[in-house]
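Student: I need the structure of the sequence given here:
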Amino acid sequence: MELREIRPIDIQKWQNNLLSKYKNSYVRNMYGIFQMSFTATKPVPFTADSG
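Tutor: Below is the predicted model of the structure:
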């Protein structure tokens, strides 16, 4: 599966799978890291004023 193909239902299925094996707090932490990875890779637009 490519990154652009990931849909909210895929994330929910992933979380449900994790919840069947791990505690809720651990799954929340994993989801937080997952979200941060998307935020960290989000391109920042360049403007002439930014330098």
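
Student: Show residues contacting the helix or strand encompassing Gln12.
Tutor: If you go by DSSP states H and E, Gln12 is part of helix 8-19. The contact list for helix 8-19 (Cβ atoms under 8 Å, 6 or more residues apart in numbering) reads Met1, Tyr26, Val27, Met30, Tyr31, Phe34. Placement of C-beta: from N, CA and C, glycine included.

Student: which of those sit farthest apart?
Tutor: Pairwise distances across these peak at 23.3 Å for Met1 and Tyr26 (criterion: Cβ to Cβ).

Student: Of these two, give the one with the bigger neighbour count.
Tutor: Set side by side, Met1 and Tyr26 show more neighbours around Tyr26, with 12 against 7, by other Cβ atoms under 10 Å.

Student: Counting by contacts, list what the longest helix anywhere in the chain packs against.
Tutor: In the chain, taking DSSP state H as the definition, the longest helix is helix 24-41. Contact here means 3 or more Cβ pairs under 8 Å, 6 or more residues apart in numbering; DSSP states H and E; on that basis helix 24-41 packs against helix 8-19.

Student: can you pull the buried residues of the helix it packs on?
Tutor: Using 16 or more other Cβ atoms under 10 Å as the test for burial, helix 8-19 gives Gln15, Leu18.

Student: Check the offset of it from the chain's centre.
Tutor: Between the centre of helix 8-19 and the centre of its chain there are 11 Å (Cα atoms, centre = their mean, to the nearest Å).

Student: that older thread, of the contacts of helix 8-19, which one scores lowest on pLDDT?
Tutor: Among those, Met1 carries the weakest pLDDT, at 79.

Student: where's that one relative to Leu18, distance?
Tutor: Using Cβ to Cβ, to the nearest Å, one gets 17 Å for the distance from Met1 to Leu18.
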